[in-house]
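Chemist: Give me a model of this one.
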Amino acid sequence: MASLISCPHCGIRPKEEFTIRGDASPVRPAPEAPEEAWFAYVYLRDNPKGRIRESWHHTSGCRRFLIVERDNTTHEVFSVTDAAAAREAAE
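Modeler: All right, here's what the predicted structure looks like:
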């Protein structure tokens, strides 16, 4: 059976409609941040095992960016939220 993702805009869709864009946890440094902060933001990434938050793009659907919380070892999806709504809630 195919893996399914529950898009908050389109409903339950097959994972093949989505593109994983990477880790959703890095915070972009301020423009005036030191070079070391920018280097860390662009090049240094953790590679955790287990429950993570990723940025996904619903490429073949609503074309919205989503935050998917899932386990990268079992592929179990715990939550899917609209990235714009998540950003507003964090501010």
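Chemist: Any regions of this protein where pLDDT drops low?
Modeler: Within the chain, the stretches with pLDDT under 70 are 1-2.
Chemist: just the strands in it please.
Modeler: According to DSSP state E, the chain carries its strands in the segments 4-7, 11-14, 19-23, 51-57, 65-71, 77-82.
Chemist: between the last one and strand 51-57, how many degrees?
Modeler: By that I understand strand 77-82. 40 degrees (axes from the mean of the first three to the mean of the last three C-alpha atoms, to 10 degrees).
Chemist: so what strands line up beside strand 77-82?
Modeler: Applying DSSP bridges to the sheet, strand 77-82 is found paired with strand 65-71 (antiparallel).
Chemist: and if you look at the first one?
Modeler: Sheet pairing of strand 4-7 (DSSP bridges) gives strand 11-14 (antiparallel).
Chemist: which residues sit against the partner strand?
Modeler: Applying C-beta atoms under 8 Å, 6 or more residues apart in numbering, the external contacts of strand 11-14 come out as 2-7, 58, 61. Using the backbone N, CA and C atoms, a C-beta is placed for each residue, glycine as well.
Chemist: Flag every buried residue along it.
Modeler: Arg13 (16 or more other C-beta atoms under 10 Å).
Chemist: what does stretch 68-79 rub up against?
Modeler: Contacts of stretch 68-79 (C-beta under 8 Å, 6+ apart): 3, 5-6, 48-56, 67, 80.
Chemist: Give me the distance between Arg28 and Arg64.
Modeler: Here the criterion is C-beta to C-beta, to the nearest Å. By it, Arg28 lies 20 Å from Arg64.
Chemist: Just want to know which of the two has more residues nearby.
Modeler: More crowded of Arg28 and Arg64, by other C-beta atoms under 10 Å: Arg64, with 16 against 10.
Chemist: Run through the bridge partners of the residue minimising distance to the centre of the chain.
Modeler: The C-alpha lying nearest the average C-alpha coordinate of the chain belongs to Ser55 (C-alpha atoms, centre = their mean; 1.6 Å). Taking DSSP bridges as the rule, Ser55 bridges to Gly22, Ile67.
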